[in-house]
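[1] Pasted the sequence and its predicted model underneath.
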Amino acid sequence: MSTSWTEKDDDQLLEWVEKGRKKGWSLRYLFLSIGQKLQRTPEECFQRWNLLNDQRKWEQIENKLVQLEQIIEDQQAQIDKMKKDLQFYELMLLEEYHLLLRILGEDQKMIRIHQV
């Protein structure tokens, strides 16, 4: 039974796997070689490498999720600002319609302006 994995073991494992894959080594030979260097079985090394890869992928997903949540918050703030601006412009336009009607001297009883 081997000892528990240290951070140094994990770093070496990841580094050696990356180097071996760049050189085109087969995974079987790669983990056999790494297992000898770390004094572990190839299966242990492979399982640990899979676990570390899964953790790294989840960290990347979590980081991306945080980024996307921030983008959504920013866009929601922009939408809220646009809604307020639109309400302001609608009120201004309504006021201008009323002023225009007064200037034209139209009978205001016959004219309806609908507010949105």
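    Yep, that arrived. This one's a predicted model, so the numbers in the text were calculated from it and none came from an experiment. Numbers count the residues shown, from 1 in each chain.
[2] for the helix or strand encompassing residue 31, packing partners?
    Assigned by DSSP states H and E, residue 31 belongs to helix 27-38. In terms of contacts (3 or more Cβ pairs under 8 Å, 6 or more residues apart in numbering; DSSP states H and E), helix 27-38 is packed against helix 7-23, helix 42-104. No exception for glycine: its C-beta is placed from N, CA and C like everyone else's.
[3] what residues does the first one touch?
    Pointing back at helix 7-23 there. For helix 7-23, the external contacting residues (Cβ atoms under 8 Å, 6 or more residues apart in numbering) are 29, 30, 31, 33, 34, 37, 38, 45, 48, 49, 52.
[4] could you flag which of those are buried?
    Burial by neighbour count, 16 or more other Cβ atoms under 10 Å: within those this picks out 30, 31, 34, 38, 45, 48, 49, 52.
[5] Not counting its neighbours along the chain, what's nearest the first one?
    In this structure, residue 30 finds its nearest non-sequential neighbour in residue 20, 4.1 Å apart by Cβ to Cβ, 6 or more residues apart in numbering.
[6] how many neighbours does the one you found have?
    Neighbour count of residue 20, defined by other Cβ atoms under 10 Å: 17.
[7] same deal with the one 5 residues further on?
    The local packing of residue 25 (other Cβ under 10 Å) involves 16 other residues.
[8] Tell me which helix or strand it sits in.
    Assigned by DSSP H and E, residue 25 belongs to no helix or strand.
[9] Now do the same contact list for residue 42.
    With Cβ under 8 Å, 6+ apart, residue 42 has these contacts: 28, 31, 32, 34, 35.
[10] one more time with 10 Å
    Counting by Cβ atoms under 10 Å, 6 or more residues apart in numbering, residue 42 makes contact with 27, 28, 29, 30, 31, 32, 33, 34, 35, 36.
[11] What is the lowest-pLDDT residue among the residues you listed?
    Among the contacts of residue 42, residue 27 carries the lowest pLDDT, at 88.
[12] picking that back up, which of the contacts of residue 42 lies closest to residue 75?
    Minimum distance to residue 75 across the contacts of residue 42 is 43.2 Å, recorded for residue 27 (Cβ to Cβ).
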